[in-house]
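In: for reference, the sequence and a predicted model appear below.
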Amino acid sequence: HLLKQAETRAKEARLCMWTSYDPSKEAEAGGEKGEEGAMVNGGGGGRTGGGAEVWDITVAEVKGGGEMYVHRKEKADKVNEVADMLNALGLKEGSGHKPSVGELCCAKFSEDDQWYRAKVEKVSGTTADVFYIDFGNRETLKHSSLALISEELKLTSRPPLAHLVRLAGIKVPGLDDDFGYEAAELLSQLSLRKTLRARVEDRERAEGGGGGRGGRGGGPEVPLVTLLDPAAPSAGSVNSALLKAGLARCVRPFNRRIGAVVDSLKAHQEEARASRTNIWQYGDVDSDEDM
């Protein structure tokens with residue numbers, strides 16, 4: 001550990017053998033290898049040799065803007081277990097339950113008529129906006145499609161099984177922005193319902209959490225991840241695919257960890273910029289936060 005610190009100081013001061021040291025070249029040489037090699041061959045869960053946390057995940061819901069809700073492989077059986085417990089109750093619509101904002105209840109999903117845990121986000125007349133905490137999706141339902149969760153099941157105290165993550169090193173247009181829908185569509189094609197490997201590069205505060213990037217301030221933290229498909233190890237990361245398609249751009253690094261990620265992705269952005277693909281069709285995109 002002390003030797004590593006000394007080496008780092010020597011590199012930064014360009015001393016002795018490090019007089020011509022270029023950190024960007026080191027990041028490019030090691031970044032892609034770390035992004036693709038260590039993760040694809042790293043097995044399920046745990047940490048890479050560099051200490052990064054690695055998850056095997058299934059993407060349950062794509063939000064847009066480079067965000068998605070995922071299930072971690074080691075908890076996948078819990079998702080089915082909770083749903084089976086609820087549906088074994090034989091719940092019926094029209095229970096007369098009147099929901100309140102913030103309440104955790106049972107909601108009958110309109111697409112499969114099955115019951116799932118949901119948090120009530122808004123109540124308007126005879127309808128309620130709900131968030132399915134174990135899957136990450138939302139919908140508006142009539143009160144008749146909601147029911148109380150039996151206290152005997154002890155399901156209200158179990159944490160949500162869907163985890164919000166955000167793609168690291170890139171900024172993806174939101175659904176209301178130009179090319180936001182196309183970006184979400186590509187992200188869905190590359191990730192939805194697939195088993196992927198996610199390396200947690202860093203964390204930042206969720207919007208509205210009162211904090212900033214890099215884990216500062218209050219509010220929940222969102223993992224910033226690099227995603228790879230172990231079934232297609234030569235395809236590169238999902239992050240780089242969005243850059244190549246001109247549907248994302250590199251962020252301005254806010255610390256060294258994200259800086260290394262961005263360095264490994266810059267070439268993919270330049271490829272799309274040079275060919276004026278999608279967001280680059282009219283030239284450079286102006287933003288203080290982006291490269």
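Out: That came through fine. Numbering: from 1, shown residues only.

In: buried stuff in the host helix or strand of residue 54?
Out: According to DSSP states H and E, residue 54 maps onto strand 53-64. Neighbour counts over strand 53-64 (16 or more other CB atoms under 10 Å) mark 54-64 as buried. To be clear about C-beta, it is placed using only N, CA and C from the backbone, and glycine gets the same treatment.

In: ok now it, how far from the chain's centre?
Out: Distance of strand 53-64 from the chain centroid (CA atoms, centre = their mean, to the nearest Å) equals 6 Å.

In: for that strand, name the packing helices and strands.
Out: strand 67-72, helix 180-191, strand 195-205 (3 or more CB pairs under 8 Å, 6 or more residues apart in numbering; DSSP states H and E).

In: cutoff 10 Å now
Out: Counting by 3 or more CB pairs under 10 Å, 6 or more residues apart in numbering; DSSP states H and E, the packing neighbours recorded for strand 53-64 are strand 67-72, helix 76-87, strand 163-167, helix 180-191, strand 195-205, strand 221-228.

In: what ranges in the stretch 1-150 of the chain fall below the confidence cut-off?
Out: Along the stretch 1-150 of the chain, segments meeting pLDDT under 70 span 1-51.

In: which parts of it are strands?
Out: Remark: strands assigned in the stretch 1-150 of the chain by DSSP state E, counting those that start in this stretch are 53-64, 67-72, 104-108, 115-124, 127-132, 138-142, 146-147.

In: ok, which of those comes nearest residue 247?
Out: For residue 247, the closest of the strands of the stretch 1-150 of the chain is strand 53-64, at 11.1 Å, according to CB to CB.

In: report the angle between that closest one and helix 180-191.
Out: 140 degrees (axes from the mean of the first three to the mean of the last three CA atoms, to 10 degrees).

In: just the CA coordinates of strand 53-64, formatted as CSV?
Out: Extracted C-alpha coordinates of strand 53-64, given in CSV (Å, rounded to 0.1, in the frame of the first residue of the first chain):
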residue,chain,number,x,y,z
GLU,A,53,-17.6,-4.3,-7.0
VAL,A,54,-19.1,-6.6,-9.7
TRP,A,55,-22.7,-7.8,-10.0
ASP,A,56,-24.4,-10.3,-12.2
ILE,A,57,-27.7,-8.7,-13.0
THR,A,58,-30.9,-8.9,-15.0
VAL,A,59,-32.3,-5.6,-16.3
ALA,A,60,-36.0,-5.4,-15.3
GLU,A,61,-36.9,-1.8,-16.5
VAL,A,62,-35.2,0.8,-18.7
LYS,A,63,-36.2,4.4,-17.6
GLY,A,64,-34.3,6.4,-20.2
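
In: from residue 199, how far off is the spatially most central residue of the chain?
Out: A centroid search over the chain (CA atoms, centre = their mean) returns residue 165, at 2.2 Å, as the residue closest to the centre. Relative to residue 199, residue 165 is positioned 11 Å away (CB to CB, to the nearest Å).

In: likewise for residue 128?
Out: Distance, residue 128 to residue 199, by CB to CB: 38 Å.

In: for residue 149, same thing?
Out: 35 Å.

In: neighbour count winner among the two?
Out: residue 199 (26 against 20; other CB atoms under 10 Å).

In: could you give the bridge partners of the more buried one?
Out: For residue 199, the beta-bridge partners are residue 54, residue 226 (DSSP bridges).

In: quick one: it and residue 56 touch, right?
Out: No - Residue 199 is beyond contact range of residue 56, at 11.0 Å (criterion: CB atoms under 10 Å).

In: return the residues in contact with residue 278.
Out: Shown here is residue 278, whose contacts under the criterion CB atoms under 10 Å, 6 or more residues apart in numbering are 173, 178-179, 182-183, 186, 242, 245-248, 272.

In: can you pick the most crowded of the residues you listed?
Out: residue 248 (31 neighbours).

In: can I assume that one is in contact with residue 171?
Out: Yes - if you go by CB under 10 Å, residue 248 and residue 171 touch, sitting 6.3 Å apart.

In: any shared contact partners between the two?
Out: Counting by CB under 10 Å, 6+ apart, the shared contacts of residue 248 and residue 171 are 65-66, 242, 279, 290.

In: quick one: buried ones out of the residues you listed?
Out: Listed as buried from the shared contacts of residue 248 and residue 171 are 65-66, 242, 279; burial here means 16+ other CB under 10 Å.
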